[in-house]
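*Asks:* how would this look folded up:
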Amino acid sequence: MVYEELQRLEKLAGQLIRRVKMLEKENEELHKELLENQQSMREKEDALENFKNQIKISKIVSNIPVENDASAELRGRIDNYIKEIDKIITHLSE
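*Replies:* Predicted coordinates:
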């Protein structure tokens, strides 16, 4: 009787140990997934911030009055810089 109870308890302890190991592994996988999601979210926030900056720069460029050739040239240069920065950001994102 005591021996049977001891065997039952050992069996339960074994099941408990397996369950704990399984939960630890699941916790580790979830933690890894969380870190990956956090990294992805940071990258998307950075991309969004860059996009907001592009919009601000574009608004500034469009608000530059085109009164003479120098202003038109400046606007063209700024537009070209924005395009180059976009290409670089796209390239770095890949």
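
*Asks:* Quick check, central residue of this protein?
*Replies:* Taking C-alpha atoms, centre = their mean, the centroid of the chain lies closest to S40, which sits 1.7 Å from it.

*Asks:* Mind telling me what element that one is part of?
*Replies:* helix 2-63 (DSSP states H and E).

*Asks:* count of residues packed around Q54?
*Replies:* 14 (other C-beta atoms under 10 Å). C-beta here means a position set from N, CA and C on the backbone, and glycine is covered the same way.

*Asks:* Apart from its neighbours in sequence, what residue is nearest it?
*Replies:* Closest residue to Q54 apart from its sequence neighbours, by C-beta to C-beta, 6 or more residues apart in numbering: I82 at 6.4 Å.

*Asks:* Any buried residues in the helix or strand that contains that neighbour, and which?
*Replies:* Assigned by DSSP H and E, I82 belongs to helix 69-93. The neighbour-count check on helix 69-93 (16 or more other C-beta atoms under 10 Å) flags R75 as buried.

*Asks:* any idea of the mean pLDDT for that helix?
*Replies:* Average pLDDT, helix 69-93: 80.

*Asks:* in stretch 48-68, what counts as buried?
*Replies:* Buried-residue list, stretch 48-68, by 16+ other C-beta under 10 Å: V61.

*Asks:* wait, I meant stretch 7-27
*Replies:* By 16+ other C-beta under 10 Å, stretch 7-27 has no buried positions at all.

*Asks:* Contacts for that stretch, please.
*Replies:* By C-beta atoms under 8 Å, 6 or more residues apart in numbering, the list of residues contacting stretch 7-27 from outside is empty.

*Asks:* returning to that earlier point: dump the residue contacts of the residue nearest to Q54.
*Replies:* By C-beta under 8 Å, 6+ apart, the residues touching I82 are 54, 57-58, 61.

*Asks:* For this structure, give me the ranges with low pLDDT.
*Replies:* Scanning the chain for pLDDT under 70 picks out the ranges 64-69, 94.
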